[in-house]
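A.B. asks: take this sequence and fold it.
(one chain, ligands or ions: 1)
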Amino acid sequence: QPIKPWGGRFSEATDAFVERFTASIGFDYRLYHHDINGSIAHATMLARVGVLTEAERDQIINGLEEIRAEIVAGTFTWSVSLEDVHMNIEALLTQRIGITGKKLHTGRSRNDQVATDIRLYIRDEIDAIAKELTRLQQGMLQVAEANADTIMPGFTHLQTAQPVTFGHHLLAWFEMLQRDYGRLIDCRKRVNQSPLGAAALAGTTYPIDRAYTAQLLGFDAPTENSLDSVSDRDFAIEFCAFASILLTHMSRMSEELVLWTSSQFKFIDLPDRFCTGSSIMPQKKNPDVPELVRGKTGRVNGHLIALLTLMKSQPLAYNKDNQEDKEPVFDAIDTVKDCLRAFADMVPAIQPRTAEMYEAAKRGFSTATDLADYLVRRGVPFRDAHEIVGKSVAYGVQTGKDLSEMSLVELQQFSTVIEQDVFAVLTLEGSVAARNHIGGTAPVQVKAAIERAKASLASR
Ligand code: ARG
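C.D. replies: A predicted model of the protein is given here:
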């Protein structure tokens, strides 16, 4: 049994169950790269301010690099009795390089160490997630560009509302992700502050240089207050909030994909490689990927609530409760990355069934608002125009005719200002083309929006 690094004041061994209950090595081993990087920065700083000699610093750094290589190679055995990643690595370092290893923890505590590690870890994952999010957005733009003129029904209350283009719909998705990207980058700023040097809670008596370790680790600055530094987990909460909102968006997109692939909608096909079948019903092709993304939203929302609840009553400064931050954060990261990867691969492969979309847009009186706007242009007050068109729709429901299928004489029963030119506004093409302003569904606007979106991605 390795001796506990904190065992001096204890007179009996830790209860075997308590040892397992309090250990975090089962999950925090993931932090080993960042733990080693943090230790190297700390040792480098200690040598610079004269607390370690240069020879001691080099011995520590070489020892840590050897340990890193062993962990990467999979030959390192983690020990539960050494509790966590920090003590495992430090204990082995001392075993390897002897007495100098025992000097590494000078002027440091696991409290600032773990806070540093987790910030470094999340920062790297944010950068990976930002790339994958961008790849997904590029895929959306690709499909939007190919479908700037593809007409589909737009819905409110899931009832046919007005025609839109498929490209416009995809740009709506794109905008949701633009905001998510903004939240992610904003969160990164608060993640990227160095708590190293806060030590246990009050700072340390050694002449440490916090700005130097911050700089070595690529942080923007050292954190301001030592008590806050070791107890703050806002950045993890913020990351999970980003993850929850992103997955909420992706869940909405998933829901639409699931609807659109159904034989009731038939708006799109997903390639077979993104679907699975049924063990009993031979005809089935199920949209499992979007369904799972929709489902995984629940688990990420759970992680956000777990972190908020974890922090809500903690007094300053560090409490062991904080050890519980890791599994939710790790799983939120894994889940977000998997979902983004699935979507980034799948979205560009969406195959729109343009004829079905077009036919669906013709049903449900989708150009009724266009007829009302036509009447307004001929001097009818909007409320009266609404009433006139409502009557025309009721007539259409009765006779089974869409507005564009009625004759001029039929339409004139409801208003005498209607003339032959009404048919131009009742077409789906006329309807979308008329919504010609920033943010509108007119194909020219969709194309312009795609160009702006591309420029925005290029400037990242
Ligand atoms: N494994 C611990 C955590 O994740 C490291 C910090 C332990 N600090 C302490 N004072 N027990 O929070």
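A.B. asks: OK, now which residue of the stretch 201-350 of the chain is nearest to the ligand?
C.D. replies: In the stretch 201-350 of the chain, the residue found nearest to the ligand is residue 323; the distance is 3.7 Å by CB to the nearest ligand atom. For every residue, glycine as well, the C-beta is placed using N, CA and C.
A.B. asks: the residue nearest to residue 192 when sequence neighbours are not counted: how many residues sit nearby?
C.D. replies: Of all residues not flanking residue 192 in the chain, residue 220 sits nearest, at 4.9 Å (CB to CB, 6 or more residues apart in numbering). Residues lying near residue 220 (other CB atoms under 10 Å) number 13.
A.B. asks: can you check residue 382 too?
C.D. replies: So residue 382, with other CB under 10 Å, has 11 neighbours.
A.B. asks: surely it and residue 376 touch.
C.D. replies: Yes - proximity of residue 382 to residue 376 meets the contact threshold set by CB atoms under 8 Å, at 5.3 Å.
A.B. asks: overlap of the contact sets of these two?
C.D. replies: Listed contacts common to residue 382 and residue 376 are nil; contacts here mean CB atoms under 8 Å, 6 or more residues apart in numbering.
A.B. asks: phi and psi next, for the closest residue to the ligand within the stretch 151-300 of the chain.
C.D. replies: Of all residues in the stretch 151-300 of the chain, residue 200 sits closest to the ligand, at 7.1 Å by CB to the nearest ligand atom. Phi and psi for residue 200, reported as degrees, to the nearest 10, are phi -70, psi -40.
A.B. asks: contact partners for the closest residue to it other than its chain neighbours?
C.D. replies: Nearest non-adjacent residue to residue 200, counting by CB to CB, 6+ apart: residue 109, 3.9 Å away. The contact partners of residue 109, taken as CB under 8 Å, 6+ apart, are 198, 199, 200, 201, 230.
A.B. asks: from those, list just the buried residues.
C.D. replies: Burial by neighbour count, 16 or more other CB atoms under 10 Å: within the contacts of residue 109 this picks out 198, 199, 201, 230.
A.B. asks: am I right that the first one is in a strand?
C.D. replies: Right, the one you point to is residue 198. No - counting by DSSP: H, G, I helix; E, B strand; the rest coil, residue 198 is not part of a strand but coil.
A.B. asks: returning to that earlier point: JSON lines for the contacts of residue 109, including distance to residue 63 and pLDDT?
C.D. replies: JSON lines is the format used below for these (distance: CB to CB, whole Å; pLDDT from 0 to 100):
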{"residue": "198", "distance to residue 63": "25", "pLDDT": "98"}
{"residue": "199", "distance to residue 63": "22", "pLDDT": "98"}
{"residue": "200", "distance to residue 63": "24", "pLDDT": "98"}
{"residue": "201", "distance to residue 63": "28", "pLDDT": "98"}
{"residue": "230", "distance to residue 63": "26", "pLDDT": "98"}
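A.B. asks: closest one of the residues you listed to residue 269?
C.D. replies: residue 230 (53.3 Å; CB to CB).
A.B. asks: how about the closest one, what does it touch?
C.D. replies: Residue 230 sits next to 109, 111, 112, 115, 195, 198, 200, 201, 317, 318 when contact means CB under 8 Å, 6+ apart.
A.B. asks: quick one: which of these is nearest residue 285?
C.D. replies: residue 115 (48.2 Å).
A.B. asks: what does the pLDDT read for that closest one?
C.D. replies: pLDDT for residue 115: 98.
A.B. asks: the closest residue in space to residue 454 that isn't next to it in sequence: neighbour count?
C.D. replies: Nearest non-adjacent residue to residue 454, counting by CB to CB, 6+ apart: residue 141, 6.1 Å away. By other CB under 10 Å, the residues close to residue 141 number 23.
A.B. asks: dihedrals phi and psi, residue 141?
C.D. replies: Torsion angles, degrees, to the nearest 10, at residue 141: phi -60, psi -40.
A.B. asks: how about residue 352?
C.D. replies: Dihedral angles for residue 352 - degrees, to the nearest 10 - are phi -70, psi 140.
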